[in-house]
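> here is a sequence with its predicted model. Questions after.
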Amino acid sequence: MTDFTLHTPESAPEGSQPFLENSLNGFGFIPNLHAVMAESPATLEAYQTIGGLFSRSSLNAVEQNVVWLTINVEHNCHYCVPAHTGIAHMQNVPEDVISALRENRELPDAKLEALRQFTLSSLRNRGVVEKAEVEVFLAAGYTRANLLDVVLGLSHKVLSNYLNHFADTPVDERFQQFDWTPREPVAAE
């Protein structure tokens, strides 16, 4: 959509260089998303900071991946679905959970499905979730801290999903094996 540079540590603005170094140290390479974000040091810093906070949230690794992939699929993100599929595999998320998330299907685990439904409702309704939906989420075994951490995960994915739509970020070679075809966009009325 818009031309963005895939920055390297040498081409990036000075303020982004330490964050690209973080990417290199954490992933062993600089993901294209981070290379695009490097255009704005504040954006790259925010993304890495929110991601770090979300990884230490009250949600476990499988639950974090449910939140991420649910949002990525709902946002139709051509980049984040394959990338987070790879991350989910690295974090030992069960294959049936990953497949269901990528296909926007009900999850095989009732508690994880409650998380997926709450995440979808929070996203689709811009945080205006019915009290009954909150009660279902809590009754499934989640806490108010978990609820807040879903919002944290949502803010993390808004940064990346929206940016990927603007930049048409190319999927990294290591995640291309998890290619995913976005749904056809719904026409605006």
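Noted; the coordinates are in hand. Nothing here was measured: the structure is a model prediction, and the numbers come from that model. Residues are numbered from 1 along each chain as shown.

> contacts and neighbour counts: CA atoms only from here.
Will do.

> just the helices in this protein please.
According to DSSP state H, the chain carries its helices in the segments 17-27, 32-37, 41-55, 61-74, 80-90, 95-102, 110-124, 131-139, 144-167.

> quick one, the first one and helix 41-55 angle?
Note on geometry: by axes from the mean of the first three to the mean of the last three Cα atoms, to 10 degrees, helix 17-27 and helix 41-55 are set 30 degrees apart in direction.

> which helices and strands does helix 17-27 pack with?
helix 32-37, helix 41-55 (3 or more Cα pairs under 8 Å, 6 or more residues apart in numbering; DSSP states H and E).

> need the helices of the chain in JSON lines with mean neighbour count, can you?
Putting the helices of the chain into JSON lines (neighbours: other Cα atoms under 10 Å) gives the following:
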{"stretch": "helix 17-27", "mean neighbour count": "16"}
{"stretch": "helix 32-37", "mean neighbour count": "24"}
{"stretch": "helix 41-55", "mean neighbour count": "17"}
{"stretch": "helix 61-74", "mean neighbour count": "23"}
{"stretch": "helix 80-90", "mean neighbour count": "21"}
{"stretch": "helix 95-102", "mean neighbour count": "18"}
{"stretch": "helix 110-124", "mean neighbour count": "20"}
{"stretch": "helix 131-139", "mean neighbour count": "15"}
{"stretch": "helix 144-167", "mean neighbour count": "18"}
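
> looking at these, which is nearest to Asp179?
Closest to Asp179 of the helices of the chain is helix 80-90 (Cα to Cα; 5.4 Å).

> so what does that closest one touch, helix or strand wise?
Judged by 3+ Cα pairs under 8 Å, 6+ apart, the packing partners of helix 80-90 are helix 61-74, helix 95-102.

> next, format the ones you listed as CSV and append mean pLDDT.
Below are the helices and strands packed on helix 80-90 laid out as CSV (pLDDT from 0 to 100):
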stretch, mean pLDDT
helix 61-74, 97
helix 95-102, 97
